[in-house]
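Undergrad: coordinates only, sequence not included:
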């Protein structure tokens, strides 16, 4: 569907997140957890990621993947809604999401919610797969990384 661009975006997002020791990150619309997995694989061992998605089946595939990779202690997958995140304000050191824009019925509201749980001055990135999402991701990557 993305002609390989998803892998390039994932590498770019992981590099730009540059999670520091003891950091925690959030992957909104995680699906099977590929982006969250990539972040912890490229980070120091005490970085932790939480992936949130509303599709139970995708999360179950991701959990199986985490067990095979022995990363279940570094990545937690939770069922949730990207427009109503069940986390306190200023919780995460980094937030990423890939392809979530197409699944948000209220994109501005979903972005506000993500920034609400992001610690001030921290990394945010949202590569996407449609012109609207891409314009937002360019802004996010250039301004926030």
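TA: Nice, thanks for sending it over. From a predicted model like this one, the values you see are computed outputs, not experimental measurements. Residues are numbered from 1 along each chain as shown.
Undergrad: spatially central residue in this structure, please.
TA: A centroid search over the chain (C-alpha atoms, centre = their mean) returns residue 27, at 2.1 Å, as the residue closest to the centre.
Undergrad: helix, strand, or coil at that residue?
TA: Under DSSP: H, G, I helix; E, B strand; the rest coil, residue 27 falls in the strand class.
Undergrad: contacting residues for it?
TA: Contacts for residue 27 (C-beta atoms under 8 Å, 6 or more residues apart in numbering) come out as 33, 35-36, 39, 49-52, 95-97. All C-beta spots, glycine's among them, are computed from the backbone N, C-alpha and C.
Undergrad: okay, helices next: where are they in the chain?
TA: Under the criterion DSSP state H, the chain contains helices at 5-17, 34-41, 56-69, 107-117, 131-144.
Undergrad: against which helices or strands is the second one packed?
TA: Packed against helix 34-41 by the contact rule (3 or more C-beta pairs under 8 Å, 6 or more residues apart in numbering; DSSP states H and E) you find helix 5-17, strand 24-28, strand 48-53, helix 56-69, strand 75-79, strand 92-96.
Undergrad: a markdown table for the ones you listed, including distance to residue 85?
TA: Formatted as a markdown table, those follow (distance: least, C-beta to C-beta, whole Å):
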| stretch | distance to residue 85 |
| --- | --- |
| helix 5-17 | 18 |
| strand 24-28 | 7 |
| strand 48-53 | 7 |
| helix 56-69 | 15 |
| strand 75-79 | 10 |
| strand 92-96 | 9 |
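Undergrad: how about those, which one is nearest residue 120?
TA: Distance to residue 120, taken as C-beta to C-beta, is lowest for strand 92-96 among the helices and strands packed on helix 34-41, at 10.7 Å.
Undergrad: first-to-last residue distance for stretch 74-92?
TA: End-to-end span of stretch 74-92 (C-alpha to C-alpha, to the nearest Å): 14 Å.
Undergrad: sounds good, over and out.
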